[in-house]
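Student: Give me a model of this one.
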Amino acid sequence: MEHDEVAKQLLAIASQLEALASQLAESIDTEAAFPVSMWAKVDQGICLICDEPILPIEKSMRGAHNRCYKQMRDKINEKKTTDEKQVKLGRLLPGKKGGRKPSKTALKVESLIREDAAQYEETKAAPKKSAKKSPPG
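Tutor: Just a heads-up that it's a prediction; the model follows:
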């Protein structure tokens, strides 16, 4: 076999494995409890992604080291995987709903944007006056 043929076969196998992994992730019941080993790792302070201990002085996010979580977020942003799949596979803890409340400044800016948009729509909908001038007489 030539190098190109082997590379093509490996790519085909990799895509098949990826399809099987996504099917497996989709078949896992999200209502069921998360894998017991996942919660055991979290209780022991072990990173869900790299399986190394998270030291008390290290920051962690969703059961993983900050660096591991950042790498996972990069893969998610690059559309190589999804957050939901990683939670189903037990590589990330489920995210918390909600978040930080918007500041007063952000709310004020948002209302100004809405007002500007409304004014723009009004001027856009208003009938245009003709630019023709009457001849001097």
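Student: Could I get the CA-only coordinates of the helix or strand bottoming out on mean pLDDT in the chain as CSV?
Tutor: Least confident helix or strand, the chain: helix 36-44 with a mean of 80, by mean pLDDT, DSSP states H and E. Output of helix 36-44 as CSV, limited to C-alpha atoms (Å, rounded to 0.1, in the frame of the first residue of the first chain):
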residue,chain,number,x,y,z
VAL,A,36,-21.0,7.7,38.9
SER,A,37,-17.3,7.8,38.1
MET,A,38,-17.7,11.4,37.1
TRP,A,39,-19.0,12.4,40.5
ALA,A,40,-16.4,10.3,42.2
LYS,A,41,-13.7,12.1,40.3
VAL,A,42,-15.2,15.5,41.2
ASP,A,43,-15.4,14.5,44.9
GLN,A,44,-11.7,13.4,44.8
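Student: Listing partners with orientation, what would you give for the helix or strand following it?
Tutor: Later in the chain than helix 36-44, the nearest helix or strand by DSSP states H and E is strand 60-61. Partners of strand 60-61 in the sheet, by DSSP bridges, are strand 64-65 (antiparallel).
Student: returning to that earlier point: could you pull out the buried residues of the least confident helix or strand of the chain?
Tutor: Under the neighbour-count criterion of 16 or more other Cβ atoms under 10 Å, helix 36-44 has Met38, Lys41, Val42 buried. Every residue, glycine included, has its C-beta placed from N, CA and C.
Student: Not counting its own residues, what contacts that helix?
Tutor: By Cβ atoms under 8 Å, 6 or more residues apart in numbering, the residues outside helix 36-44 that reach it are Cys47, Leu48, Asp51, Pro53, Gly63, Gly90, Leu93.
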